[in-house]
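Trainee: what shape does this take:
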Amino acid sequence: MEDVTLAFRQLQREQAELLTRVGNAWRGNHADYKLGAIGEDIAHEQRIMQKRLYQLEEQLQAEYKQVQADFERAKEVKTDATH
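Mentor: Sure thing, here's the model as predicted:
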């Protein structure tokens, strides 16, 4: 009877260890899935941010060109006014 009790306890320990391993594997897979989803979200946000930055850069360049053109026109008007 004692041998059966010891074997049963050993079986219970092995079962608990197996359940722990399965649980850890599931959490690991779940964590990998979550990290993958987070990584995709971050990549998406980076693409959106890059697009916004590109648009802002284009806008700034256009405004800079406009300011340069306005400045050149102002210089021409001043030159014409002095002659």
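Trainee: what kind of secondary structure is R21 in?
Mentor: helix (DSSP: H, G, I helix; E, B strand; the rest coil).
Trainee: got a pLDDT number for it?
Mentor: R21 carries a pLDDT value of 87.
Trainee: which residues touch it?
Mentor: Listed by Cβ atoms under 8 Å, 6 or more residues apart in numbering, R21 has no contact partners. C-beta: built from backbone N, CA, C; applies to glycine.
Trainee: I'd like the average pLDDT over stretch 71-81.
Mentor: If you average the pLDDT over stretch 71-81, you get 84.
Trainee: how far does that stretch sit from the chain's center?
Mentor: Centroid separation for stretch 71-81 versus its chain: 50 Å, with Cα atoms, centre = their mean, to the nearest Å.
Trainee: which residues are contacting it?
Mentor: Residues outside stretch 71-81 that contact it (Cβ under 8 Å, 6+ apart): none.
Trainee: which element is D80 on?
Mentor: Element membership of D80 [criterion: DSSP states H and E] is helix 2-82.
Trainee: so how far is that helix off the chain centroid?
Mentor: For helix 2-82, the distance to the chain centre is 0 Å (Cα atoms, centre = their mean).
Trainee: now swap in stretch 72-83 and tell me
Mentor: Between the centre of stretch 72-83 and the centre of its host chain there is 52 Å, according to Cα atoms, centre = their mean.
Trainee: please renumber the chain so that the first residue is 8 from this point on.
Mentor: Yes, from this point I'll number from 8; that puts the last item at stretch 79-90.
Trainee: so for that stretch, what gets flagged as buried?
Mentor: Residues of stretch 79-90 classed as buried by neighbour count (16 or more other Cβ atoms under 10 Å): none.
Trainee: ok, stretch 36-44 next?
Mentor: For stretch 36-44, the buried set under the neighbour-count rule, 16+ other Cβ under 10 Å, is empty.
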